[in-house]
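Colleague: only the shape, not the letters, is given here:
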């Protein structure tokens, strides 16, 4: 599996009231046995105030491979341990006063990680229920220097805790991160964002020149699988929306669909149009006030839900393996 690293929101990228939608994915997984391993890289890296010795750095590298090499090469970009001056560079990172302040803030915000570990354990129990032969990753928390919220690699899922410190966290504002991104850079979105990033690396789009429909269905499948892993979570979080953004989509579903149909956009391969509906943005250009970005993700999820409801014989495994977006649309009988 390729290593992947994500910023505060996923670049690709329900329920507001549970009684509105009876989720068929809300199943009992209490009998599924799983011991999810969670390792706190940031504590081992920052616990000592002064410089780490060469032996201590080597021990850290051994204990956290392959994550350690990915962290130094890709996340904080200082190269690997074979590079000259490496020990100086990693000590410079970990003793930087501003980074130490961030570490202190992370320690306050996530002094007890057990609630998140419990949620992640439950999510991966659901995953193991549907995909019993698949390997469950080790969870590794870290501080990225505001570079990446999520990192995935061979057998691990990394969580950059410094990317979930709250939408009003002062350094985010100083970095001029846009408000629409900061909205989900909170601990409340940690589990859903992390799982969404992980799923996206497990199920990457294979088409080299997809049309808008293919993009929508692919992302809809990703979110549907996320729903299967955290069925009790609010629907808005599964699409990385605020409650207001989610409600806007619910209230305007017909208008969104008719706009796509009337303008014959489902099969467009025009990059600007695909980005308009699938890319990160504070709103969808040309749509009324209150519209969120990534409306194509929302619409893809709606179609996939309709497909699974109309075809109950289709398993989750079969859904994730199905690459024919047109078939899914046709068999969904989708009518908003």
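Modeller: Here it is on my side, so go on. For clarity, every value in this text was computed on a predicted model and none was experimentally measured.
Colleague: helices of the stretch 101-250 of the chain, start to end?
Modeller: 114-130, 170-174, 179-182, 190-202, 212-229, 235-238, 243-251 (DSSP state H, counting those that start in this stretch).
Colleague: what residues sit buried inside the second one?
Modeller: Spelled out, that is helix 170-174. Buried residues in helix 170-174, counting neighbours by 16 or more other C-beta atoms under 10 Å, are found at residue 172. All C-beta atoms are positioned from the backbone trio N, CA, C, and that covers glycine.
Colleague: let's have the chain start at 7 instead
Modeller: New numbering, starting at 7: the last item is helix 176-180.
Colleague: any stretches of the stretch 107-256 of the chain with poor pLDDT?
Modeller: For the stretch 107-256 of the chain, no stretch is flagged by pLDDT under 70.
Colleague: what about the nearest residue to residue 150 once chain neighbours are set aside, how many residues close to it?
Modeller: Counting by C-beta to C-beta, 6 or more residues apart in numbering, the nearest residue to residue 150 once its immediate chain neighbours are dropped is residue 166, at 3.8 Å. Per other C-beta atoms under 10 Å, the neighbour tally for residue 166 reads 26.
Colleague: residue 202 versus residue 166, what's the distance?
Modeller: 14 Å (C-beta to C-beta, to the nearest Å).
Colleague: if we can go back for a sec, mind checking the helices of the stretch 107-256 of the chain for the one nearest to residue 90?
Modeller: Evaluated with C-beta to C-beta, these place helix 176-180 nearest to residue 90, the distance being 31.1 Å.
Colleague: quick one: contacts of that closest one?
Modeller: Helix 176-180 is contacted from outside by 108, 152, 171, 188, 191, using C-beta atoms under 8 Å, 6 or more residues apart in numbering.
Colleague: ok, and the most crowded of the residues you listed?
Modeller: residue 191 leads the contacts of helix 176-180 on contacts (other C-beta under 10 Å) with 24 neighbours.
Colleague: ok, that one to residue 233 distance?
Modeller: For residue 191 relative to residue 233 (C-beta to C-beta), the value is 22 Å.
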